[in-house]
Structure formats: C-alpha cells, structure tokens
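Trainee: task: produce atomic coordinates for the following.
(2 chains)
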Amino acid sequence: DAGITQSPRHKVTETGTPVTLRCHQTENHRYMYWYRQDPGHGLRLIHYSYGVKDTDKGEVSDGYSVSRSKTEDFLLTLESATSSQTSVYFCAIGGRQSSSYNEQFFGPGTRLTVL
Amino acid sequence: ELKVEQNPLFLSMQEGKNYTIYCNYSTTSDRLYWYRQDPGKSLESLFVLLSNGAVKQEGRLMASLDTKARLSTLHITAAVHDLSATYFCAVAPINTDKLIFGTGTRLQVFP
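Mentor: Below you'll find the model as predicted:
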C-alpha cells in the first residue's frame, strides 16, 4: 500500500445528517483526490486538492465539500447526506514527483450507506 | 464531454485463451493508466503508458497506447483464474492532474 488510510471504513447514516470522511497519507504527496464508485459508472471524481488549502471541483461535486489544512489529511464532507450519496468512496494520492507521471494510488475505500 | 469507453463491459473466458480489452477516449491525452480491482478491494495500479506507441508487459498482461487513434488495449495471454477481476483504464487529459475513468471490464476466467 502507498501509505493511505481512510476512516471510517464503513458507515451507515440517516438522510439529512452530516458526514465527514477522512483520508490520511504518509507519502507527502501534493495531490489528493476523492472519488465515488457506483455500479455502471466506474470511478467519478468529486473533488481534488493540489496543496494545503488548494482544492477544486471534480465532475460530481454537488452536495460535497472538502478541506485540506495539512498535507497529510484530506476531508470529504456531506453537509446533509442523501440516499443518492450511498456509494463507496475512494481517496487517492498522486503528483508530479516520480517517473510515473501523476500516477494515482488508492486508499482502501469507505462504504457509506445513507438510509 | 470527455468520455472513456471500455469494451467489453463483461468478459467470460476460458483458461488458456487470449483476449483483448479496448479503451477508447475522446480527449487529447498523453497519459493512460490501467488499474485492477478485486471484489470489495481497492484499485491496484497495473500500467502507466506515457507516450504514443508505449507498450508495457507484466506476466500475462500487455498494455499498449496509440494516442493518434485515442485507443489503448490490454491484452491477456493464456488466461488463468487469478486474473479474474475488474479492469479499469483511466485517461489524464492534457495539462490536467485529473483522471477520467472508464466504466470497467469485469473479467471472469473459468476452467
């Protein structure tokens, strides 16, 4: 593994509640990403970060916010969870700092169920 | 709209046979990645293809990239059961640090 952990690994919550997922890396990569994986859609980018306090939207960012106050941590927040946000969430790290130009390495995933 | 299309979406093949998975993309890119995912697990990087004509091989898998045709292939030689997994290609559009993933090809190898 590339030194990436996600917490929690599983979560069940109710519609309308806030949820925060955490991604922690020990690799000092500049870039961090949040994806969601749903059947028939592959992985879709939610938000990404290119440095501390520098974030940008991906293709499915509505309903999600992120924060990065330290290089090693990238938080994904669902302000008011909906059933359509039931998914598996993956964090990834990457960056232009190796011969494998911006190769991304993935965390173990968080399975979120919104009832 | 940027699109990455894989085919087939599902592939059931007999051990010992050869087959190819195709990845077509609609944007200009010089970087393409192949990942493997086992059920319930994370994604594992298989190949990074960085230029037109790039070819990488690892065991029974070989990946190639044709940037002019916007096509990558993942060729499986003499399949074995351990190769059963879902395979994703992902494309990095020029001058971005984002990846666009295909929907994946679920490979099942049977005796």
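
Trainee: distance of the nearest residue to A:E14 once chain neighbours are set aside relative to chain B?
Mentor: Spatial nearest neighbour of A:E14, chain neighbours left out: A:L115 (5.3 Å); criterion: C-beta to C-beta, 6 or more residues apart in numbering or on different chains. For every residue, glycine as well, the C-beta is placed using N, CA and C. Note on A:L115: its distance to chain B, by C-beta to the nearest C-beta, to the nearest Å, is 21 Å.

Trainee: and what of A:D73?
Mentor: Counting by C-beta to the nearest C-beta - A:D73 and chain B are separated by 19 Å.

Trainee: look up how far A:S49 lies from that residue.
Mentor: 10 Å (C-beta to C-beta, to the nearest Å).

Trainee: the two - which one has more neighbours?
Mentor: Ranked by neighbour count (other C-beta atoms under 10 Å in any protein chain shown), A:D73 and A:S49 place A:S49 first, with 23 against 15.

Trainee: which element, helix or strand, includes the more buried one?
Mentor: For A:S49, the host element (DSSP states H and E) is strand A:42-51.

Trainee: given that strand, what are its sheet partners and their directions?
Mentor: strand A:31-38 (antiparallel), strand A:54-57 (antiparallel) (DSSP bridges).

Trainee: could you say which one of the ones you listed comes nearest to B:A63?
Mentor: Among those, strand A:31-38 comes nearest to B:A63, with 21.5 Å by C-beta to C-beta.

Trainee: residues contacting the most centrally placed residue in chain A?
Mentor: The centroid of chain A falls nearest to A:W34 when counting by C-alpha atoms, centre = their mean (2.5 Å). Going by C-beta atoms under 8 Å, 6 or more residues apart in numbering or on different chains, A:W34 touches A:21, A:23, A:45-48, A:58, A:64, A:66, A:74, A:76, A:89-91.
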